[in-house]
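Q: Just a sequence and a predicted model for now, questions to come.
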Amino acid sequence: MRRTAGPRISKRVAVVALGVVTALVAAGCGGSTTAEGKAAPTSSAPPVTHTVTDSTGAAVTVPGTVSRIADSWPAHNEVVQMLGGGDKIVATVLTPKSVPWLYTINPALAQAKTVFTTTTANTEELLNTHPDVLFNNTGTQDQAKTTSAGIPTLQLAFQTFDGLKKVVTTTADVLGPEARTQAQRYNTYLDAKLAQVRATTSKIPADQRPKVLHIYSLNPLVVDGTNSIIDEWITAAGGRNAAQVKGNAKQVTPEAIASWNPDVIILASSAFVGNDTGQQTLEKLTTDPFWKNQPAVVNHRAYVNPTGGWHWDRYGIEEALQIQWAAKTLHPAAFTDLNIVQETRSFFRDFLHYNLTDAQATRIVAAQNPN
């Protein structure tokens, strides 16, 4: 072997020098040694497993590093996207038709297998995707199947803004440190927007708060009542829930709606008629024998709720945009400085890792699909 130029170093000196270099490298990396002189494990190494408590209070043991995610809760897939795990979703309940905007901002989702419905799971196909963890809504029956199959399964749910923040935090606890940082950013943003909106709407007298009817479906006629996050955003935005029923997605009669006499009607995208757009559905209300006589329709106070990566009005992170849109829709004069299109662009950039154009954000606010 060819030797380098210079004086020859003795073996003893070489060993000493090597020891000094090793110590310096260890110090620079935050490492340490044990009393026996062995290298101690660094704190940055992820644990093999750790325990996370889900919404039911169950302690679920999950891998220290999650690389493959299954998600059977439609709204929750966007939470995973926000927390940096969108490209790790390998099994989902979604399709490009059900949430076209989410597939637009996260093209990797197209590689995920649709193995769930809202009530069932194809366990064989799910196992073929080899997920490290499964996120599941407490309202479905998947948990028993997936847990018995050996998949760590977290049951998640919320009905309030505080509950939403907790679900975001719990999800981040599964996904790791970077996700926890993003979760804190989102929760801080949500708190700030709620505070800003409530600072104005809290001053509005009860008799000046419009009665708001949020319609989930026109046929059958299904509305959202109290004890729901829909009721919470209506109240935060300066309205009163017109629906005199408890819970979300409750079937009611036209006679009940007429007796409630709502000042404002807001249509969820699930209420669109057939393949009609939201605007076309609103136009049909003006010729419908029942709806055309309702004051909200007569007074042009019927609106279509925005839909983005998920429905703004229903159990997702875009609730942070919903409260702002609803406040300006109900009380435009009190929120003249709020530009919901620009706020939408900022939100998608900061939390969903996607730069919307002005035209795209405008379509989302209008509940229109991507071009």
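A: Arrived safely.

Q: Let me see the ranges of the helices in the stretch 101-250 of the chain.
A: Using DSSP state H, counting those that start in this stretch, the helices assigned to the stretch 101-250 of the chain run over residues 123-128, 143-148, 161-175, 177-201, 229-236.

Q: Out of these, flag the one nearest residue 215.
A: helix 229-236 (10.6 Å; C-beta to C-beta). Yep, even glycine has a C-beta here, placed from its N, CA and C like the rest.

Q: List the contacts of residue 269.
A: By C-beta atoms under 8 Å, 6 or more residues apart in numbering, residue 269 lies in contact with 278, 304-305, 307, 311, 367.

Q: PyMOL command to pick out the buried ones of the residues you listed?
A: This is the PyMOL syntax for the buried subset of the contacts of residue 269, where burial follows 16 or more other C-beta atoms under 10 Å:
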select buried, resi 278+304+305+307+311+367
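
Q: could you dump the contacts of residue 269 to JSON lines with secondary structure?
A: JSON lines is the format used below for the contacts of residue 269 (DSSP: H, G, I helix; E, B strand; the rest coil):
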{"residue": "278", "secondary structure": "helix"}
{"residue": "304", "secondary structure": "strand"}
{"residue": "305", "secondary structure": "coil"}
{"residue": "307", "secondary structure": "strand"}
{"residue": "311", "secondary structure": "strand"}
{"residue": "367", "secondary structure": "coil"}
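
Q: Going by distance to residue 154, which of the contacts of residue 269 wins?
A: Nearest to residue 154 among the contacts of residue 269, with distances taken as C-beta to C-beta, is residue 311, at 22.1 Å.

Q: correct me, but residue 123 touches residue 147?
A: No: applying C-beta atoms under 8 Å, one finds residue 123 not in contact with residue 147, separated by 11.0 Å.

Q: re earlier: of the contacts of residue 269, closest to residue 249?
A: residue 311 (12.3 Å).

Q: My guess is that closest one contacts residue 317. True?
A: No: Residue 311 is beyond contact range of residue 317, at 11.2 Å (criterion: C-beta under 8 Å).

Q: ok, now how distant is residue 114 from residue 266?
A: Residue 114 is 29 Å from residue 266, where distance means C-beta to C-beta, to the nearest Å.

Q: same check, this time on residue 287
A: Residue 287 is 20 Å from residue 266, by C-beta to C-beta.

Q: Have a look at the two and say which one is more surrounded.
A: residue 266 (25 against 8; other C-beta atoms under 10 Å).

Q: Can you tell me the element the more buried one falls in?
A: strand 264-267 (DSSP states H and E).

Q: Sheet-wise, list the partners of that strand with their directions.
A: strand 211-217 (parallel), strand 302-304 (parallel) (DSSP bridges).
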